[in-house]
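# Sequence below, structure please.
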Amino acid sequence: MQDPNKHITIPYSDDILASAGLSVSELASIARLAVAAKLFAEGRLSLGQAAKLRGVGKVEFMEQLSREGYSVVNLRVDDAEDELRFAHD
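Numbering: from 1, shown residues only. This next block holds a predicted model:
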């Protein structure tokens, strides 16, 4: 069984937090959103998988993506063509 509590460590110093005006939890939240958004944008994770990585539901994740300027639609050309064919049938 896969361990659902795996972690990634990002080294930082107190001056990074001070310069950015962030708490540890705020930095962790930003990092988690950035990783989930990047993997979703690259098509490496589905919307649901990325939302799960972020720790929120799909709708909330889509809202966060939109606020941060990421596209919430992530269809490859082949996928879009399949969707259009399905819609016309």
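# which SSE is the nearest residue to residue 57 once chain neighbours are set aside in?
The shortest distance from residue 57 to any non-neighbouring residue, by CB to CB, 6 or more residues apart in numbering, is to residue 51 (6.1 Å). (Glycine included, C-beta is placed from N, CA and C.) Following DSSP states H and E, the helix or strand that holds residue 51 is helix 47-54.
# C-terminal to that helix, what's the next element?
From helix 47-54 onward toward the C-terminus, using DSSP H and E, the following helix or strand is helix 58-67.
# contacts for that following helix?
If you take CB atoms under 8 Å, 6 or more residues apart in numbering as the criterion, helix 58-67 is touched by 33, 36, 37, 40, 47, 48, 50, 51, 54, 56, 71, 72.
# rerun that using 10 Å as the cut-off
For helix 58-67, the external contacting residues (CB atoms under 10 Å, 6 or more residues apart in numbering) are 29, 33, 36-37, 40-41, 46-48, 50-57, 70-74.
# any idea of the angle that helix forms with helix 47-54?
Per axes from the mean of the first three to the mean of the last three CA atoms, to 10 degrees, the angle that helix 58-67 makes with helix 47-54 is 80 degrees.
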